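Undergrad: Task: produce atomic coordinates for the following.
(chains A, B, C and D)
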Amino acid sequence: MQGNTACAEGALAAGCRFYGGYPITPSTEIAEHMARKMPKIGGVFAQMEDELASIASVIGASWTGARAMTATSGPGFSLMMENIGYAVMTETPCVIVDVQRGGPSTGQPTRAAQGDMMQCRFGSHGDMSIIAVSPASVQEMYELTAKAFNLADRYRVPTFVMADEIIGHMRERIAVPDSVEVVPRRPLEKGTLPFAPGEDNVPGFPAFGHGYGVHVTGLTHDDRGYPSSTDPRVHERLVRRLVGKVEGANREIADYEVTNPDAEVVFISYGAPSRSVAQAIRDLDDERVGHLRLKVVWPFPDFALAAFKNARVFLVPELNLGQMVREAARHTAVPVVPISEIGGELHTPRRLITMAEGYL
Amino acid sequence: MNFQDWLRADRLPHIYCTGCGNGTVINCTLNAVNQMGWTPEETVFVSGIGCSSRAPGYIITDSLHTTHGRAIPFATGVKLARPDLHVVVFTGDGDLAAIGGNHFIHGCRRNIDLTVICMNNYIYGMTGGQGSPCTPLGAYSTTTPYGCDEAPFDLASLAVAAGANYVSRWTSYHVQELTRAVKAGLETPGFSLIEAVVQCPTGYGRRNKLREAQDMIAWMRDHAVLLKKWRRMDEEGVPHDPATFPVGEFVRRNLPAMGVPK
Amino acid sequence: MKLIIDETRCKGCNLCTLVCPYRIFQEGTAPNRRGIVVPTLDRPERCTNCRLQKLYGRVLCGVCQMICPDQAIRWVEEGPFEPQKVVIED
Amino acid sequence: MKHEIRFSGFGGQGIILAAVILGRAAAIHDGKYAVQTQVYGPEARGGASMSAVIIDDDPILYPEVTAPDIYVIMSQEGFLKYGRTAPESAVMLVDSELVQDRPACRYHEIPSTYEAKSTLKKVIVANIVMLGALVATTGVVSEAAIEKAVLDSVPKGTEDLNLRALKLGFDLGRRSMKDETA
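TA: Numbers count the residues shown, from 1 in each chain, chains lettered A, B, ... in the order given. Have a look, this model is predicted:
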């Protein structure tokens, strides 16, 4: 199965019943698959007029209680940024798949990159927090996409599947489970204010058409959902809650794999370069070289770095000029070294082995 | 139920300026919705950004106050996911015709079952009276200080050309006709556009010798020409006064539509 | 029934004075506590809705209520009912 | 000498313009330093709006008003939001027609809206009347400076009206000072 197809299948298995999208390489197969499948299962496939409309339709559909997603790549991702901020402010669960390609601008439509990692985190304006997963295999395209829906619903926050052209277009054998875990949205208790913090700072969801009479606005709003856009205290309380509900649940959301926890030289990776690292570790066969592989990249699991007690250096191979490497460096006193690869090719295991050996 | 029962009484008075026509259009819309016999539970209001788009916040139903220009795609998502809900969009001329122009024509083309009420005040009101795609030639605004030199959009004709099933234009002076038009839009499956020309004494009237709301209402009354008469003038080759504009029902038809409940 | 202007909502635009066929609404003169000059009612018993709405079971004119941008005009029940003297003007 | 002046009223009264003119008088025509800031909601008319000016002989670093010593209040809502907490050491000018409450501090009742309407037939210049009264009662800027600043700031063709409004404000201010001493 192809990575993009697995992504679509994972979404359908998780109960996604609305897809709004606009064609763009290298994500288009997701839309094509959804166009074939959705009508057969009573879902909706909407090809919108652009990416701004795609994410808007997804947010609209999500407010009816439906699990909704869109998929895009670099330029389309940039176009979605404003409404992603809207989804954050209005606490709208939705899944956005970004099959990353070379940029800036039109860049390399058919080659892989990981240049949007900071954009998914900070691309929209204002202070915010989001969740992002990064699959490293076709199997994970299926599993992490399904998981993204649960995270989005649990925390009422846009959740990103930060794939790349390599994983999206790769074909591998995958094991399709009979069913995936589906943790549905917790509905708002009647009589509760729609944007009151609720448990874990996440309010229950007042889906449209159920008599809640909820007003949803991107303006700074109070617990009733009414605009209150000039009071500094209302704004601070709201934005701190929106950020805090995600950052405060970092340990609960975190998902990563550790290889050789006693290692001195440790690779940190996510997405496709994880495959190069895994190969390098196998070829090296040296317990002094370890690996922290992130499946959830945002919120960044800072505490995972501390698990490598003997680490003398962290090496971060990425398909960009250094994005997550900065985040890693913020959380440790140990030197953190970027290994950049841009142009569309994956790091060769040979290059990673040479780098690691240089620090041993 | 009276149409005023649809308002969130705890949020009134609203933020509109003295004499703003938007409040009148809200009345007419709610009156029409109320006459349909719909309940607040099955009705959703969606809007973009601008003065007009604040309207859903004053209505007791579920409502989405979205981003600038994007009300129609948000509403499309709601409608396609829950075709049984009645979805009404409030928008303004800047929101609909400038930043949202593409969504507008594609909404008409899809003929998605929405009723879109555009409060056309000829300018951007909320940001203080800048020129919009509907600012008449020669009119003054903060960004057309020497008179507007761009031709305006004719929103109603645009919607007809793009494939909407129901299109009409009235003004906030024509409260009865406007109510009837909104009701006709709500009844027609597919995309309905009701363009309501409204007075903005603060942002438009003040700079165009129509300082008071009453002056603007009188101006609309005197410059709106019934569409029948307008077309007869066309046939007879009688030129139109450039300050006048046609009002009435532009189209009511039954082209294939999307999102209509089965 | 009785016609009322809700002073907490009215912003004093005077559109009602423009549209009422009986000229019941007159421009006010003194500002209220919110600094707004609310229109005053001149012999409001002349209003058709007040007199005849019950009889016909529907709103008969209502243009003032519809055009009021501030949702400040409505009819309220009067109780106990008192016969109204109506002056018919020529 | 440092003064912090806070203006409040409803949107559309020219609260912000009044502050701008005062700041301009101080900074350009009196050779002092001035900073003007403002807070307003989305509504263009109605709603409580607030603007503030700091006037100082020395450069002003922190730009926000923290403890105003002069208040100009032109609506009841503005009083409740921004004027009620004025300390006893402050001085306040209130529009006597539009503000119902009175502060604990020293205050001057200025019928600026009423006078603008009845004497000048233009309610829109109530803010200029108030500015005149402010200068006459507090002397934060010179009368010559405020006169020049008004002329700099108002639309062409309205200079005469605005000057008359300002002078009317001077008179109302002086009269209220006299009432106070009497």
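Undergrad: Tell me how far residue A:303 lies from residue B:101.
TA: 49 Å (Cβ to Cβ, to the nearest Å). Using the backbone N, CA and C atoms, a C-beta is placed for each residue, glycine as well.
Undergrad: Please say which of these two ends up with more neighbours.
TA: More crowded of residue A:303 and residue B:101, by other Cβ atoms under 10 Å in any protein chain shown: residue B:101, with 16 against 11.
Undergrad: burial count for the closest residue to chain B within the stretch 1-150 of chain A?
TA: Closest approach between the stretch 1-150 of chain A and chain B, counting by Cβ to the nearest Cβ: residue A:60, at 2.7 Å. When neighbours are counted by other Cβ under 10 Å, residue A:60 registers 34.
Undergrad: who touches the spatially closest residue to it that is not a sequence neighbour in this structure?
TA: Leaving aside its sequence neighbours, residue A:60 sits nearest to residue B:77 (Cβ to Cβ, 6 or more residues apart in numbering or on different chains; 2.7 Å). Contacts here follow Cβ atoms under 8 Å, 6 or more residues apart in numbering or on different chains; on that basis residue B:77 touches A:18, A:20, A:46, A:56, A:57, A:58, A:59, A:60, A:61, A:62, A:63, A:68.
Undergrad: now do residue D:48
TA: D:8, D:9, D:10, D:41, D:75, D:77, D:78, D:81, D:82.
Undergrad: circling back: I'd say the residue of the stretch 1-150 of chain A closest to chain B and residue B:74 touch.
TA: Yes: using Cβ atoms under 8 Å, residue A:60 is in contact with residue B:74, at 4.0 Å.
Undergrad: intersection of neighbour lists for these two?
TA: Common neighbours of residue A:60 and residue B:74 (Cβ under 8 Å, 6+ apart) are B:46, B:64.
Undergrad: Look through the stretch 101-250 of chain A and state the residue closest to chain D.
TA: Closest point on the stretch 101-250 of chain A to chain D, by Cβ to the nearest Cβ, is residue A:230, at 5.2 Å.
Undergrad: could you measure residue A:37 against residue A:9, distance?
TA: 8 Å.
Undergrad: Mind checking which of the two has more residues around it?
TA: residue A:9 (21 against 18).
Undergrad: which residues of chain D fall in strands?
TA: Ranges of strands in chain D, per DSSP state E, are D:3-11, D:33-39, D:46-56, D:70-73, D:91-95, D:106-110.
Undergrad: Next, count neighbours for the nearest residue to residue D:2 once chain neighbours are set aside.
TA: Spatial nearest neighbour of residue D:2, chain neighbours left out: residue D:56 (4.4 Å); criterion: Cβ to Cβ, 6+ apart. Around residue D:56 there are 16 other residues, counting by other Cβ under 10 Å.
Undergrad: Residue D:56: what's it in contact with?
TA: D:1, D:2, D:3, D:32, D:33, D:34 are the contacts of residue D:56 under Cβ under 8 Å, 6+ apart.
Undergrad: Name the member of those residues with the most neighbours.
TA: residue D:34 (23 neighbours).
Undergrad: if I've got this straight, residue A:280 is in a helix?
TA: Yes: using DSSP: H, G, I helix; E, B strand; the rest coil, the assignment for residue A:280 is a helix.
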